[in-house]
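Enquirer: Show me how the following folds:
(one chain, ligands or ions: 3)
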Amino acid sequence: MEPSLKDLTSFDIGKKLWWHLDKVNKLVNDEQVWPIHFGIDPSNLCNHDCVWCSYTEVLPNKKMLEREVLLNAITSMSKNGTKAITWSGGGEPTTNPHLAEFFHHAYELGLQQALYTNGQLLNDHHIDAITKGFQFIRFSLDAGTDETYQKAHRVRPGTFHTVINNISKIVKRKIGTTVGVSVIVHETNYKDIVKAAELMRNLGVDYLEFKPVVFAEHQGGQQYSKDWWANEVYPLLDEAKTYSNNEFKVLVIGHKFDSIIMENFGRDYHCCLSHHLQGLINADGTLYVCCNQRGNENFKLGNLNENTLEEIWWGERRKNIISNINVQKCPPNCKGHEANKVLWHAKNPLQQFHPNFL
Ligand SMILES: C[S@@+](CC[C@H](N)C(=O)[O-])C[C@H]1O[C@@H](n2cnc3c(N)ncnc32)[C@H](O)[C@@H]1O
Ligand code: SF4
Ligand code: SF4
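Expert: Ligands and ions are numbered 1, 2, ... in the order given. Take a look at the predicted model:
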């Protein structure tokens, strides 16, 4: 059967965890597990300069993952039972000249793959690998016009059209790969919300998702007000949703819009368990606890230029670091947030919920 997004309304992490009950059970019993998923930043170099980019702590070093180092790490992932890799950043993955070879190696080892990209530098080698074996690709487009794109991604006029052309190439070539497009909603681009929906539906992508910008601590940490979201943005998101049809979905990632305005950002858990299920390899070879902590010295588990992935993952340094994580100091809407809500309650069921009454 052709993959269909007909019934997709959101990417629900709570449902995904049911596929990994063996590992969840181990976590609940304080046992260590090998990650199901790795995020990999092939490069800290980026050809764009988005006004909201929160990765400004790693981007300046412009490092790229060494070919041999990463090929060995991918082999380790496969040997130990990792199921999937997301290629992301850091910077822009497509600036690493070995990217197509990394894709091929992971594919040969049976790993599932996805790519987050700004899409400007995608070449035929990337497109061949993606359309052959990727689960999905997600373009960070963030605009509906060249004018807004220039302001948001701070690029030269016309770059938007190059990206649209590359999205179109993938749409035309795709066999089973889901093609998604994302828009981070920020004051520079929110007026394009409806235009983006119309454009992406006409282009034939599978989905367009909207998520709120998050300002990290080093960006001042002050989020937009509840009133701004409610008065300026929500009506446009509602209008954009009317562009959904059977072939194309507009996904407003509701839990992210909710948490960004909630007290304590909706954290009802006291520790992070989600990081056990995934790791993040940055372009300088550092393995971090998670993608939201890339660049943070206190979350560096080790470096692949010095140790193997297995040595770092099962090592003493990782044990010490993860036992000292204070989730209250973590950024809002982090990658592990939704999983943490579920995992915390699996480990600490609230008796006032009467957990045995199903
Ligand atoms: C850092 S980028 C790396 C891959 C690639 N350069 C790209 O933009 O797709 C990964 C995702 O993080 C998002 N992102 C970066 N800064 C953000 C912020 N402050 N708030 C929300 N999302 C952000 C980007 O929009 C992008 O979709
Ligand atoms: S394209 Fe990605 S890495 Fe580059 S500046 Fe934008 S969000 Fe940051
Ligand atoms: S709570 Fe979020 S940011 Fe903090 S360690 Fe866990 S996944 Fe990372």
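Enquirer: show me where the stretch 1-150 of the chain has strands.
Expert: Taking DSSP state E, counting those that start in this stretch as the criterion, the stretch 1-150 of the chain contains strands spanning 37-40, 84-87, 112-117, 136-140.
Enquirer: List the buried residues of stretch 151-167.
Expert: Of all the residues in stretch 151-167, those buried under the rule 16 or more other CB atoms under 10 Å are 152-153, 155, 159-160, 163-164, 166-167. For every residue, glycine as well, the C-beta is placed using N, CA and C.
Enquirer: Now render the strands of the stretch 1-150 of the chain as JSON lines, adding distance to residue 357, mean neighbour count and mean pLDDT.
Expert: Putting the strands of the stretch 1-150 of the chain into JSON lines (distance: least, CB to CB, whole Å; neighbours: other CB atoms under 10 Å; pLDDT from 0 to 100) gives the following:
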{"stretch": "strand 37-40", "distance to residue 357": "33", "mean neighbour count": "24", "mean pLDDT": "98"}
{"stretch": "strand 84-87", "distance to residue 357": "35", "mean neighbour count": "23", "mean pLDDT": "98"}
{"stretch": "strand 112-117", "distance to residue 357": "37", "mean neighbour count": "20", "mean pLDDT": "98"}
{"stretch": "strand 136-140", "distance to residue 357": "38", "mean neighbour count": "23", "mean pLDDT": "97"}
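Enquirer: can the ones you listed go into TSV with extra columns for distance to ligand 1?
Expert: As requested, the strands of the stretch 1-150 of the chain are exported to TSV (distance: least, CB to the nearest ligand atom, whole Å):
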stretch	distance to ligand 1
strand 37-40	9
strand 84-87	8
strand 112-117	4
strand 136-140	3
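Enquirer: Just put those in JSON lines and tack on distance to residue 280.
Expert: Written out in JSON lines, the entries for those read as follows (distance: least, CB to CB, whole Å):
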{"stretch": "strand 37-40", "distance to residue 280": "4"}
{"stretch": "strand 84-87", "distance to residue 280": "9"}
{"stretch": "strand 112-117", "distance to residue 280": "13"}
{"stretch": "strand 136-140", "distance to residue 280": "17"}
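Enquirer: Out of the ones you listed, the one nearest ligand 2 is which?
Expert: Ligand 2 lies closest to strand 136-140 among the strands of the stretch 1-150 of the chain, at 5.7 Å (CB to the nearest ligand atom).
Enquirer: Quick one: work out the angle between the closest one and strand 112-117.
Expert: Computed with axes from the mean of the first three to the mean of the last three CA atoms, to 10 degrees, the direction of strand 136-140 lies at 10 degrees from that of strand 112-117.
Enquirer: Name the residues that touch strand 136-140?
Expert: For strand 136-140, the external contacting residues (CB atoms under 8 Å, 6 or more residues apart in numbering) are 50, 114-119, 130, 163, 166-167, 170, 177-182, 184, 209.
Enquirer: CA atoms only: put the lengthiest strand in the chain into PDB for me.
Expert: The single longest strand within the chain, with elements called by DSSP state E, is strand 178-185. Only the C-alpha atoms of strand 178-185 are listed here, as PDB (Å, rounded to 0.1, in the frame of the first residue of the first chain):
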ATOM      1  CA  THR A 178       7.500  11.600   2.600                       C
ATOM      2  CA  VAL A 179       8.300  15.200   1.700                       C
ATOM      3  CA  GLY A 180       7.600  17.700   4.400                       C
ATOM      4  CA  VAL A 181       8.200  21.400   4.800                       C
ATOM      5  CA  SER A 182       8.400  23.400   8.000                       C
ATOM      6  CA  VAL A 183       7.800  27.000   9.000                       C
ATOM      7  CA  ILE A 184       9.200  28.300  12.300                       C
ATOM      8  CA  VAL A 185       6.700  31.100  13.200                       C
END
